[in-house]
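[1] Based on what follows, work out the 3D shape:
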Amino acid sequence: MSKTISILGSTGSIGRQTLEVAEQLGLTVAAITAHNRVELAEEQARKFRPRLVVMTDEAAAKDLRTRLADTDVKVHGGVSALSTAATLPGVDTVVTAVVGMVGLKPTLAAIRERKRVALANKETLVCAGELVMAAAERSGAEIIPVDSEHSAIFQCVQGCSDRGEIRRLILTCSGGPFYGMTAEEVGRKTRADALKHPNWNMGPKITVDCATLMNKGLEVIEAMRLYQLPLTRVRVAIHRQSIVHSLVEFRDGALLAQLGTPDMCLPIRYAMTYPRRAESAAEPLDLLRCPPLTFAEPDRGTFPCLRLAEVAAAKGGTACAVLNAANEEAVRLFLEDRIGFRDIFDLTARAMTELPVIREPGLPDILEADAEARQAVLKNFSN
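    All right, here's what the predicted structure looks like:
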């Protein structure tokens, strides 16, 4: 069980909920990081009194340093300082809740120091899964997934030492706010429409990814990396109620599922307490009162980002890094109201078509592919 933690991305949705869980479990918070939300970071620092606060925005770090001058909390600035927070002596668990490729280097740093990594940054495994998993195997570091779907699978395979017994993984998906609509209807949707997720309260980027189904495509790649399975053994099923968080089908035909209310504190808590479970005050799922549970095939025609992610997964190599980076840039443009909803797919697909794939990339290749994909999206957007 975790005792002392660092939280990378403490002002985001997962980070804030991790602090709630840490308080409930009596964990020591040694470090927190944020980008530029100075007031919230100050509030968190005064409440939890970490040894270190990192603001990746240098101006925000300067501001926070002044605000916390009456405390003994150290404030560092810059993206590179994330690795300092991830490798802080005495920390046993690092929660990586930052969004995007910025999480890769500090995650690798934590792994090298043999920290437990409570992984909520899916881009790390999407872009560099083979490198990350190999590093964890060398160091003996634990990677405990925090995403509700991957936490569900992780819980279902406890006691299954032979991965050959797994026939396939079934990742559930709410379908997002546009489920059941036609491609024409979806194409007219705005930023405000895309941010209205039916079941979960998350940050804007991941909420848009849920609306396009790109989030589920990224989770398919993540599942392949975590459990070393081919694309053919990872399936997606639409499950509107978000109660069955994912399932594992074994070779004898048995299905194991993890059920619960749509509350991210549950997988966060499990990542903190694994291999044990701690008492929770949250109201448990009441099967006699929950709605009927339904499952359906995703509509890859209306939501082509899922298909695009599966294409990247099949190609492997740097294709996944290109997919992720191009999508990040396209979603940023959409959230700034500079492109339409369908343009997210179009710009991401063009970047994947234009850029070559390196089959067995090293870290420099992955970082270069990430940068080139972002440039490709901006170039095509400008044209």
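
[2] Can you tell me the SS state at Ile170?
    strand (DSSP: H, G, I helix; E, B strand; the rest coil).

[3] Identify the residue nearest it in space, chain neighbours excluded?
    Among residues not flanking Ile170 along the chain, Leu247 sits closest, at 4.2 Å (Cβ to Cβ, 6 or more residues apart in numbering). In this view, the C-beta of every residue, glycine as well, is placed from N, C-alpha and C.

[4] Just the pLDDT at the one you found, thanks.
    At Leu247, the model reports a pLDDT of 98.

[5] now Asp57
    97.

[6] Quickly note the distance from the closest residue to it other than its chain neighbours to Leu195.
    Among residues not flanking Asp57 along the chain, Asn36 sits closest, at 4.0 Å (Cβ to Cβ, 6+ apart). Relative to Leu195, Asn36 is positioned 20 Å away (Cβ to Cβ, to the nearest Å).

[7] repeat for His35
    Between His35 and Leu195 the computed distance is 19 Å (Cβ to Cβ).

[8] where do the strands sit along the stretch 101-250 of the chain?
    All strands of the stretch 101-250 of the chain, identified by DSSP state E, counting those that start in this stretch, fall at 116-119, 143-145, 166-173, 234-238, 244-250.

[9] Outside of the last one itself, list whatever touches it.
    Looking back up the chat, that one is strand 244-250. Contacts with strand 244-250, where a contact means Cβ atoms under 8 Å, 6 or more residues apart in numbering, come from 148-153, 156-157, 160, 165-172, 255-260, 293.

[10] now, which of those residues lie within helices?
    Ser148, Glu149, His150, Ser151, Ala152, Ile153, Cys156 (DSSP state H).

[11] which of these has the weakest pLDDT?
    The minimum pLDDT among these falls on Ser148, with 92.

[12] is it true that that residue touches Cys265?
    No. Ser148 is beyond contact range of Cys265, at 10.5 Å (criterion: Cβ atoms under 8 Å).

[13] residue ranges of the helices in the stretch 251-383 of the chain, please?
    265-273, 304-315, 319-335, 341-354, 363-382 (DSSP state H, counting those that start in this stretch).

[14] With mean pLDDT as extra columns, can I get these in CSV?
    Shown next, in CSV, are the helices of the stretch 251-383 of the chain (pLDDT from 0 to 100):
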stretch, mean pLDDT
helix 265-273, 96
helix 304-315, 97
helix 319-335, 97
helix 341-354, 97
helix 363-382, 96
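
[15] hey, which of these is tucked in deepest?
    Ranked by mean neighbour count, those are led by helix 319-335 with a mean of 26 (mean count of other Cβ atoms under 10 Å).

[16] Now do that one and helix 363-382, the angle between them.
    40 degrees (axes from the mean of the first three to the mean of the last three Cα atoms, to 10 degrees).

[17] chain center to helix 319-335: distance?
    On the basis of Cα atoms, centre = their mean, to the nearest Å, helix 319-335 is displaced by 14 Å from the centre of the chain it belongs to.

[18] elements contacting it?
    Helix 319-335 sits against helix 122-139, helix 191-194, helix 204-212, helix 214-227, helix 304-315, helix 341-354, helix 363-382, with contacts defined as 3 or more Cβ pairs under 8 Å, 6 or more residues apart in numbering; DSSP states H and E.

[19] tell me what the last one is packed against?
    With contacts taken as 3+ Cβ pairs under 8 Å, 6+ apart, helix 363-382 sits against helix 122-139, helix 319-335, helix 341-354.
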